[in-house]
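*Asks:* coordinates only, sequence not included:
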């Protein structure tokens with residue numbers, strides 16, 4: 001069973017016992033327990049003076065014990081003296097060592113022993129129990145030696161061990177906390193209080209937790225929006241960089257959606273809240289990342305298997321070292337050797353080798369709007385050697401754009417553009433939107449437009465539904481005909497914007513040249529819309545999907561990294577060929593959903609493939625791939641089938657996520673290699689009796705900090 005540490009927020013480990021009081025704090029290690037006592041609040045600087053005072057007193061007494069021990073060593077260094085003053089002086093120093101070491105044992109040893117017993121009650125066996133057994137044995141042996149008046153004393157060893165272990169675990173806990181602070185920064189985006197607008201129009205402060213939709217709140221310039229909602233004011237500029245990665249300010253108009261945590265840059269605005277604080281995009285992201293931390297990947301499972309037999313193995317080696325050296329040399333030598341074995345062993349380094357790197361990477365990715373469902377997703381993403389992408393909605397925005405215009409010989413470009421734009425004003429169809437956008441970007445010539453409108457008709461406005469054309473002409477009875485297009489009529493002519501069937505319905509003639517161009521375009525699978533007036537088809541607009549701005553960035557990065565890219569689409573072969581020529585990548589067109597999945601499956605027999613998609617028809621391919629990647633704007637089915645989600649739909653974030661995943665796996669391997677190598681060599685050296693326990697304690701702390709520092713670099717490079 002796994003719980004979350006009350007201090008650092010990381011999993012507190014597994015146990016064979018499941019009972020735990022819900023209101024009782026739970027810690028993953030003694031360092032977090034001690035750090036929590038110091039700060040009193042998770043991740044904040046508290047005022048637990050007594051805890052710090054205990055540590056300060058322990059250090060003071062330890063330094064005194066070291067001085068007494070160094071004075072005792074003078075006999076061994078400069079030659080033993082048998083005078084009565086020397087014997088009395090030696091006894092005094094030994095008793096002082098005992099007296100000054102007892103506070104250290106109780107101040108630092110007591111909490112460490114208590115933590116060990118807490119772990120045992122929770123069903124976790126840790127080396128803290130072995131460590132305290134050795135420390136108590138060293139103190140006990142030294143105390144007996146003092147009382148008997150003969151034998152060596154090791155008070156300084158026990159004191160240094162307790163101080164070193166406590167400080168080391170505290171530093172380790174602090175570093176672990178930093179590894180989880182990426183999510184804390186996201187949590188702090190939302191304010192604690194909000195200005196709630198009551199029914200009488202007045203605003204007053206309420207806690208964020210009490211905000212329930214639907215509700216209206218006021219947000220001033222420089223403040224962050226407290227929840228997801230819809231803008232009720234005319235307009236506002238906002239900063240979404242933390243949430244979407246957009247470095248420039250974004251202009252929002254009335255009715256636009258605003259995410260909680262977005263920064264208001266320039267106005268006093270009203271927001272209609274549409275989601276409770278716990279259901280905002282930020283809250284869902286944080287919840288998803290926290291859930292991802294609970295899932296283990298292959299490296300984590302390997303680390304856990306090794307850790308499961310680490311305690312009994314170290315206990316056995318320490319016991320045999322104690323027996324061997326105690327039998328061959330002396331009892332105190334056996335105790336010191338066993339204590340060195342326990343101290344040199346670093347279960348923390350082994351236990352943190354994988355999860356700390358994974359947690360750091362997941363947090364860093366979340367800040368860039370890349371969501372990893374679990375730690376295994378990181379490891380899988382690092383392993384891909386080929387990338388397949390869906391086209392519609394993934395490489396493209398799913399929105400149409402005009403690529404070119406086919407013209408009748410008797411019609412000018414400006415005439416057709418001006419009239420098409422006016423007709424398109426009466427429709428919200430994707431092609432109408434594309435024509436309006438395209439026309440806005442065309443060079444504007446008022447004289448040509450005026451001639452065009454004069455050629456179409458010149459009649460007086462009517463009170464019926466009208467479509468205004470230019471300045472001089474008004475069409476009446478502008479109608480959208482479902483499945484055909486738009487027809488605008490006047491007393492003297494008809495103008496139409498739509499498909500081929502609409503032109504036939506209006507009985508419009510078409511020139512042979514334009515007919516040939518239209519036939520060729522249709523044969524290539526390109527969609528088009530025709531425009532005609534005064535009994536003749538005048539032009540055709542050819543459409544294509546708009547590429548995402550980040551599409552070329554991703555493909556260029558993949559090409560630079562030597563990562564092969566393929567595009568899978570159900571589009572017509574002609575459109576696939578044009579896309580292939582445009583992006584210089586292989587495009588496999590005309591594929592049904594099951595054919596996409598089969599293609600991925602076949603490639604998986606050769607190389608590990610990552611698949612990026614956004615629609616329901618991509619779910620099978622996402623599941624078949626080594627790792628599935630979805631877009632945040634994709635369907636629920638595609639997001640559920642993918643292990644990685646690009647929340648801001650920015651494909652170029654893969655140029656960040658893939659190297660991050662590879663660095664994470666490299667860090668995990670280095671951490672595991674260090675942990676295995678250090679523990680193997682350290683335990684062997686300690687078992688020989690050549691290592692002082694105090695030095696072993698310092699090495700153990702250093703080993704843990706090496707792993708922590710190695711993992712923390714992932715967030716620094718993100």
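*Replies:* Right, received. Where do you want to start? Keep in mind that this is a model prediction, so the values were computed, not measured. Numbering: from 1, shown residues only.

*Asks:* residue contacts, residue 569?
*Replies:* When contacts are counted by Cβ atoms under 8 Å, 6 or more residues apart in numbering, residue 569 is found next to 390-392, 575-576, 579, 587-591. The way it works is simple: take the backbone N, C-alpha and C, and place the C-beta from them, glycine included.

*Asks:* Where do the helices of the stretch 151-300 of the chain begin and end?
*Replies:* When secondary structure is read from DSSP state H, counting those that start in this stretch, the stretch 151-300 of the chain shows helices at 155-179, 181-187, 241-244, 281-293, 298-328.

*Asks:* ok so, going back, which ones among the contacts of residue 569 map onto helices?
*Replies:* Judged by DSSP state H, these include 575-576, 579 as members of helices.

*Asks:* Pick out the least confidently modelled helix or strand of this protein, by mean pLDDT.
*Replies:* strand 466-469 (a mean of 37; mean pLDDT, DSSP states H and E).

*Asks:* tell me which strands and helices the host helix or strand of residue 382 is in contact with?
*Replies:* Per DSSP states H and E: residue 382 is located in helix 375-383. Packing contacts for helix 375-383, counted by 3 or more Cβ pairs under 8 Å, 6 or more residues apart in numbering; DSSP states H and E, involve helix 281-293, helix 298-328, helix 355-367, strand 627-631, helix 654-687.

*Asks:* Pull out the buried residues from that helix.
*Replies:* Neighbour-count burial for helix 375-383 flags 375-382 (criterion: 16 or more other Cβ atoms under 10 Å).

*Asks:* Which residues are in contact with residue 531?
*Replies:* By Cβ under 8 Å, 6+ apart, the neighbours of residue 531 are 416, 419-420, 423, 495-497, 537-541.

*Asks:* Make a markdown table from those and add distance to residue 558, neighbour count and secondary structure to it.
*Replies:* Listed next are these as a markdown table, based on distance: Cβ to Cβ, whole Å; neighbours: other Cβ atoms under 10 Å; DSSP: H, G, I helix; E, B strand; the rest coil:
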| residue | distance to residue 558 | neighbour count | secondary structure |
| --- | --- | --- | --- |
| 416 | 40 | 23 | helix |
| 419 | 44 | 29 | helix |
| 420 | 38 | 25 | helix |
| 423 | 42 | 26 | helix |
| 495 | 47 | 26 | strand |
| 496 | 45 | 24 | strand |
| 497 | 40 | 31 | strand |
| 537 | 43 | 24 | strand |
| 538 | 43 | 25 | strand |
| 539 | 39 | 23 | strand |
| 540 | 36 | 25 | strand |
| 541 | 33 | 25 | strand |
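
*Asks:* next helix or strand past the helix or strand hosting residue 417?
*Replies:* For residue 417, the host element (DSSP H and E) is helix 413-424. Beyond helix 413-424 on the C-terminal side, the first helix or strand identified by DSSP H and E is helix 430-440.

*Asks:* mind listing what's buried in that following helix?
*Replies:* 431-432, 434-439.

*Asks:* Would you mind pulling the contact partners of that helix?
*Replies:* 399-402, 417-418, 420-421, 424-426, 486, 497, 527, 529, 541, 543.

*Asks:* Now the helix or strand harbouring residue 340: buried residues?
*Replies:* Using DSSP H and E, residue 340 sits within helix 331-344. Buried residues in helix 331-344, counted by 16+ other Cβ under 10 Å: 332-344.

*Asks:* So among those residues, where is pLDDT lowest?
*Replies:* For these, the weakest pLDDT value sits at residue 343, with 76.

*Asks:* Quick one: mean pLDDT for stretch 654-670?
*Replies:* Stretch 654-670 comes out with an average pLDDT of 92.
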